[in-house]
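[1] Sequence and predicted structure are below.
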Amino acid sequence: MNTEIKYKSIGMIHTSFVATNGMPIQPHGAKETEGIVELDIELLPGLIDVEGFSHLILLYHFHQVKGHKLSVVPFMDKQPHGIFATRSPVRPNPIGISIVKLKRVEENLIYFEGADMLNGTPLIDIKPFFVKYDNRPDAVSGWLDQQKGIDITKIKADERFNS
């Protein structure tokens, strides 16, 4: 059942982060941290109407990750969890996802807030956030719901997922 899938980058994400240590761990913890998506110029027509959205979903490749783990201790807990119950970057397919706030679009550059990725991160895809369909008021967040009083703005990445 192991089917090989190949994607190519559609652009590059530029941020102020050159190392993972001290970096925000989720876009919510990086609310005012700005980033820029530099979309490949030939894909410019794909940005038509994107400025009508307040938020975008960025899918990207964790390009600095070497290998994977099936059990990790995530930043927001002290107990190990299965990799698929976390958003840890050391995944079998190192794909990241961030919901970011769109600031503006200039040509093939998308300016956003909520940058929680390394500078030079390869972009896989951009999707609009549909508030009517993407919000889930009845959602349950598993082990994370047990973590009371966590202030994600105060949690920063450390060396635990570095190679």
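    Here it is on my side, so go on.
[2] Run a quick neighbour tally on Ile36.
    Using other Cβ atoms under 10 Å, Ile36 is surrounded by 17 other residues. For every residue, glycine as well, the C-beta is placed using N, CA and C.
[3] wait, it sits on Gly11?
    No - Ile36 is not in contact with Gly11 according to Cβ atoms under 8 Å; the separation is 9.8 Å.
[4] Which residue ranges of the protein form strands?
    Using DSSP state E, the strands of the chain run over 11-14, 34-39, 55-61, 71-72, 81-82, 95-106, 109-113, 121-128.
[5] Serialize these to CSV and add fields for distance to Glu4 and mean pLDDT.
    Formatted as CSV, the strands of the chain follow (distance: least, Cβ to Cβ, whole Å; pLDDT from 0 to 100):
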stretch, distance to Glu4, mean pLDDT
strand 11-14, 23, 98
strand 34-39, 26, 98
strand 55-61, 16, 97
strand 71-72, 25, 94
strand 81-82, 24, 94
strand 95-106, 15, 96
strand 109-113, 30, 97
strand 121-128, 16, 98
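[6] mind listing what's buried in stretch 58-78?
    Residues of stretch 58-78 classed as buried under the neighbour-count rule (16 or more other Cβ atoms under 10 Å) are Leu58, Tyr60, His61, Phe62, Val65, Lys69, Val72, Pro74, Phe75, Met76.
[7] Now do the phi/psi pair for the last one.
    Right, Met76. Here is the backbone geometry of Met76 (degrees, to the nearest 10): phi -100, psi 20.
[8] Look up how far Arg104 lies from it.
    Using Cβ to Cβ, to the nearest Å, we find Met76 at a distance of 31 Å from Arg104.
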